[in-house]
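Asker: okay, structure incoming, though there's no sequence with it:
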């Protein structure tokens, strides 16, 4: 009888381990960690990145702004200033051509009404997210999954997959494979799919990746000021370089009351 009980106990433990290794755990507002509990490994992965970038100092500010110069295929894709609340609840993009796009927390507006509208919703949400990614990895509604280490520039990096619960953000079917610097714990890169204008299955046929470089401190917050974009796939990792971006004039500020309100001569952009 003792041998049977021992065997049942071993099988139960093995079964639990197999189930746990496949489980995807959503990150709740309190990260699902009770008093005295040890963070799960993948959650520690994301928390370590946020700590390395000094998320606490970042979130103590109400808003942040930065200039972006984005180049793809040798041509300027975007030039302007992105302003956002540090929790991404409101965003403003003032482009060099005079176009303004504003997300007031509910609607997206574009001004003037004659502005080119194609890609405007993508621009208002995508570039601010890439900028703020090191501080958003444990937001409510995020879901993490531990991955195998992956190679970038002949070096091995810890990785984990970030996805989202349904109805989170403008594109909840997006996912990211996040690469962490082994020595600094800073965000090194993220492979991703864009489902904004396509189905998830289609988007997964053509994933890309962003690599972060040239970190600088702004009010004790670590911000990467050089981005590069690449083809990417799960088997081979990073491929051809597609574009790059320069981030400059990063500053934290307290916005005026109407700063994130709809501009004059604007109209609502539908999804």
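Answerer: Looks like it came in fine. Predicted, not measured: the structure shown is a model, and the values here were computed from it.
Asker: quick one, what contacts residue 242?
Answerer: 72, 73, 208, 229, 230, 231 (C-beta atoms under 8 Å, 6 or more residues apart in numbering). Any C-beta I mention is one placed from the backbone N, CA and C, and that applies to glycine too.
Asker: any of these buried? List them.
Answerer: Buried members of the contacts of residue 242, counted by 16 or more other C-beta atoms under 10 Å: 208, 229, 230, 231.
Asker: tell me the bridge partners for the last one.
Answerer: Beta-bridge partners recorded for residue 231 (DSSP bridges): residue 208.
Asker: ok, now which ones touch it?
Answerer: 208, 209, 238, 239, 240, 242.
Asker: for the helix or strand hosting the last one, buried residues please.
Answerer: The reference is to residue 242. Per DSSP states H and E, residue 242 falls inside strand 237-253. For strand 237-253, burial by neighbour count (16+ other C-beta under 10 Å) applies to 237, 238, 243, 244, 245, 247, 250, 252.
Asker: mind listing the strands it pairs with, and their directions?
Answerer: With DSSP bridges as the test, strand 237-253 pairs up with strand 63-72 (antiparallel), strand 221-233 (antiparallel).
Asker: what's opposite residue 160 in the beta bridge?
Answerer: Note on residue 160: beta-bridge partners by DSSP bridges are residue 146, residue 178.
Asker: distance-wise, check it relative to residue 180.
Answerer: 8 Å (C-beta to C-beta, to the nearest Å).
Asker: what do the two both touch?
Answerer: With C-beta under 8 Å, 6+ apart as the test, residue 160 and residue 180 both reach residue 45.
Asker: point out where the stretch 151-271 of the chain drops to low pLDDT.
Answerer: 166-172, 195-205 (pLDDT under 70).
Asker: now with 80?
Answerer: Applying pLDDT under 80 to the stretch 151-271 of the chain flags the ranges 166-173, 194-206, 271.
Asker: how far out from the middle of the chain is stretch 142-162?
Answerer: 14 Å (C-alpha atoms, centre = their mean, to the nearest Å).
Asker: start and end of that stretch, how far apart?
Answerer: 7 Å (C-alpha to C-alpha, to the nearest Å).
Asker: list the contacts of stretch 59-68.
Answerer: Taking C-beta under 8 Å, 6+ apart as the rule, stretch 59-68 contacts 58, 78-87, 127, 131, 135, 219, 223, 245-255, 259.
Asker: with distance to residue 123 as extra columns, can I get the buried residues of strand 237-253 in JSON lines?
Answerer: JSON lines is the format used below for the buried residues of strand 237-253 (distance: C-beta to C-beta, whole Å):
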{"residue": "237", "distance to residue 123": "27"}
{"residue": "238", "distance to residue 123": "24"}
{"residue": "243", "distance to residue 123": "14"}
{"residue": "244", "distance to residue 123": "17"}
{"residue": "245", "distance to residue 123": "12"}
{"residue": "247", "distance to residue 123": "15"}
{"residue": "250", "distance to residue 123": "19"}
{"residue": "252", "distance to residue 123": "22"}
